[in-house]
Structures are given as structure tokens and as C-alpha cells.
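Chemist: Provide a 3D model corresponding to the input given below.
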Amino acid sequence: MKTPKEKLATILSEQGWRLEEIQDDNLEWWVDEIWEMRSIWSPEGIPAYISFLVDPQHEGSRAKGQSVWGAGCTGQYPASVEEAQSNGNVSLIEISKNKAGEFMQNIESLRSGAVNDIGL
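Modeler: Residues are numbered from 1 along each chain as shown. As a prediction, this is how the structure comes out:
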């Protein structure tokens, strides 16, 4: 059985996104790790950032992966939890239940928005 992160990685790959880098060192309290993705479908090279979000009610020290409730996406490296979710979010439970469709549409909008921005 796949973890929610493994499921999300599979879905992203199937939808034309390549994982470029996982950042998990020296991050703010609100994020466990950030995936830098790149579109391998047209237009190629469009970035997306998937942030794995920490429960804001968690108190005290936290081990890697502990109290992560969901994922947010944005087209630029997020500087805040609000930015990390600016293009949508999804809970790990929804990913586990294969209900990440709307989240994937939000990620796809990053690619579509880039097409509109460059006039294709």
C-alpha cells in the first residue's frame, strides 16, 4: 500500500510533472518538505512547488513527517503557508482516498496559465 506522498508522486508523474528536488532542511515550522516540480509536457519547464504542510496546532518539537496534514501547491517557491496554498491544497486523507482530482486541476492550471502568459 502506497503512502499519500507516494500516491501523489505517482499522480504527478502520470500528469507530466517531474520531481526535480526535495527540500527538507532549514525550513519554517509550517512546512515539512517542499517538492520542486517541472512540467515535462508542453510547455516544458513550467515550475510547480508542492509543500507538505504541518498542522498549525502542533506544539513542541516535531520529528520529520510528524503532524503533516496536507499539501499545497504554487507556481513559485513559497515564503509563507498562505503562499504555499495559493493555488490550492489537499489533505493527505483525500490523497489516500484517491480524491486529489481538484488539487491536480489546480496544479494543471499552472501549466495552462503559463500558456496564456506566453501567448500560445
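Chemist: CA only for contacts and neighbour counts going forward, please
Modeler: Will do.
Chemist: For Gly45, give me its contacts.
Modeler: Gly45 is in contact with Arg38, Ser39, counting by CA atoms under 8 Å, 6 or more residues apart in numbering.
Chemist: ok, now how distant is it from Glu36?
Modeler: Per CA to CA, to the nearest Å, Gly45 is found 11 Å from Glu36.
Chemist: can you pull out the strands in the chain?
Modeler: Using DSSP state E, the strands found in the chain span residues 17-23, 31-39, 47-54, 68-74, 89-91.
Chemist: just those strands: most buried one?
Modeler: With neighbours taken as mean count of other CA atoms under 10 Å, those reach their highest mean count in strand 47-54, at a mean of 25.
Chemist: tell me the angle of that strand relative to strand 17-23?
Modeler: Here strand 47-54 runs at an angle of 50 degrees relative to strand 17-23 (axes from the mean of the first three to the mean of the last three CA atoms, to 10 degrees).
Chemist: Run me through the strand neighbours of strand 47-54, direction for each.
Modeler: strand 31-39 (antiparallel), strand 68-74 (antiparallel) (DSSP bridges).
Chemist: next one: that strand to chain centre, how far?
Modeler: Its chain's C-alpha centre and that of strand 47-54 lie 3 Å apart, by CA atoms, centre = their mean, to the nearest Å.
Chemist: Apart from its neighbours in sequence, what residue is nearest Val81?
Modeler: For Val81, ignoring the flanking residues on the chain, the nearest one in space by CA to CA, 6 or more residues apart in numbering is Trp30 at 6.5 Å.
Chemist: so that neighbour touches His58, yeah?
Modeler: No: Trp30 lies out of contact with His58 (CA atoms under 8 Å); the separation is 9.6 Å.
Chemist: more neighbours, these two?
Modeler: A count of neighbours by other CA atoms under 10 Å puts Trp30 above the other of Trp30 and His58, at 17 against 13.
Chemist: Would you tell me which helix is longest in this protein?
Modeler: Using DSSP state H to define each element, the chain has its longest helix at helix 101-118.
Chemist: residues of that one that come out buried?
Modeler: Using 16 or more other CA atoms under 10 Å as the test for burial, helix 101-118 gives Phe103, Met104, Asn106, Ile107, Glu108, Leu110, Arg111, Ser112, Ala114.
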